[in-house]
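Chemist: Based on what follows, work out the 3D shape:
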Amino acid sequence: MRPQEPPSNADFPWDDFLPELYMLENYQEFYEDDGRILGDVRDYFDSVIGTTRKPVHGIDVGTGANLYPAFSMLPHCETVTLFERSRANRRWLVEQCVKYSTTWDPYWDMLAKRPSYKAADPREAFPRKVKVRPGDIFRPPGRSDRWGMGTMFFVAESITRQENEFIAALRNFIRMLKPGAPFAAAFMRESTGYRVGNVDFPAVSINELDVEHYLRPRVEELIVYPVRSAKPLREGYSGMILALGRKGRNPLR
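Modeler: Take a look at the predicted model:
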């Protein structure tokens, strides 16, 4: 008898996700882990883009209830697309684009420690630059190589229990970027899944070696490292992972 496959992305009720509750449970308090990740992403984007390069079109894949990846691209982008599958999350994101919650102010304050961010007015720029778009990472837009920078935070490993879908999400994210485009991707390390309200959502247990193994053939200047949690959000994971780099000029498809 063949072993039963673990549940796939399609087996979970993403349209019933509770973004407001998820935000309150995960981002209402500004955690040191998020602060370190955000500071490192800010510094990386500043170092590879700087303040003189023409603004690009950015994309945040699987935004969910987390605005800070989009914030990290805001000064460097002409537009930022929030590419999100869940109808519930998209409704919430549209509301946040009009006037985002004060919960996110400490996250912007962290970014604003560098001049390129401090010079921006996020309350003015966010509704002007950011657009919400329906999208599924497993069915990316027909035209690839489209966006000039990108982020994907806590998505690839947190939307399925199947390793092949984790790999597909990573591959498709990189495909969506132009050659040479900088990116930042974050992951929950060795996650066993998470609960939102009364619903359990999936995860693939991965570590930094897995992330590097699957990204290395597709990117340049790759940096991957763990971010240990002094104060974990919950049980069931062993910290976070951050990956920074650029899409390769001749990446493996």
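Chemist: any residues touching the helix or strand hosting residue 123, and which ones?
Modeler: Assigned by DSSP states H and E, residue 123 belongs to helix 122-129. Contact with helix 122-129 is made by 70-71, 74-75, 77-80, 97-100, 108, as judged by C-beta atoms under 8 Å, 6 or more residues apart in numbering. No exception for glycine: its C-beta is placed from N, CA and C like everyone else's.
Chemist: what's stretch 13-29 in contact with?
Modeler: Contacts for stretch 13-29 (C-beta under 8 Å, 6+ apart): 34, 64-66, 68, 85-89, 92-93, 101, 103-104, 107, 159, 196-197, 199, 201, 233.
Chemist: Pull the most distant pair out of the contacts of helix 122-129.
Modeler: 78 and 99 (21.6 Å; C-beta to C-beta).
Chemist: List the ones among the contacts of stretch 13-29 that fall in helices.
Modeler: Secondary structure from DSSP state H places 34, 68, 87, 88, 89, 92, 93, 107 of these in helices.
Chemist: now, among the residues you listed, which is nearest to residue 57?
Modeler: Proximity of the ones in helices among the contacts of stretch 13-29 to residue 57 (C-beta to C-beta) peaks at residue 93, which lies at 17.6 Å.
Chemist: tell me the SS of the closest residue to the closest one other than its chain neighbours?
Modeler: Spatial nearest neighbour of residue 93, chain neighbours left out: residue 132 (4.6 Å); criterion: C-beta to C-beta, 6 or more residues apart in numbering. Secondary structure, DSSP: H, G, I helix; E, B strand; the rest coil: residue 132 is strand.
Chemist: quick one, what contacts residue 132?
Modeler: Residue 132 touches 63, 82, 84, 90, 93, 94, 97, counting by C-beta under 8 Å, 6+ apart.
Chemist: Derive a PyMOL selection command for the buried subset of the residues you listed.
Modeler: Buried residues among those (16 or more other C-beta atoms under 10 Å), as a PyMOL selection:
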select buried, resi 63+82+84+90+93+97
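Chemist: Distance to residue 49 and pLDDT added to the contacts of residue 132, as JSON lines?
Modeler: Output for those, formatted as JSON lines (distance: C-beta to C-beta, whole Å; pLDDT from 0 to 100):
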{"residue": "63", "distance to residue 49": "21", "pLDDT": "98"}
{"residue": "82", "distance to residue 49": "20", "pLDDT": "98"}
{"residue": "84", "distance to residue 49": "24", "pLDDT": "98"}
{"residue": "90", "distance to residue 49": "28", "pLDDT": "98"}
{"residue": "93", "distance to residue 49": "24", "pLDDT": "98"}
{"residue": "94", "distance to residue 49": "28", "pLDDT": "98"}
{"residue": "97", "distance to residue 49": "23", "pLDDT": "97"}
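Chemist: returning to what we had before: now, of the contacts of stretch 13-29, which are buried?
Modeler: For these, a neighbour count by 16+ other C-beta under 10 Å gives the buried set as 34, 64-66, 68, 85-86, 88-89, 92-93, 104, 107, 159, 196, 201, 233.
Chemist: any low-confidence regions in this structure?
Modeler: Scanning the chain for pLDDT under 70 picks out 1-3, 50-52, 142-144, 251-253.
Chemist: go again using 80 as the cut-off
Modeler: 1-4, 50-54, 142-145, 230-231, 250-253 (pLDDT under 80).
Chemist: Could you pull out the strands in it for me?
Modeler: 56-61, 77-84, 130-134, 149-153, 182-188, 194-196, 199-201, 219-227, 240-247 (DSSP state E).
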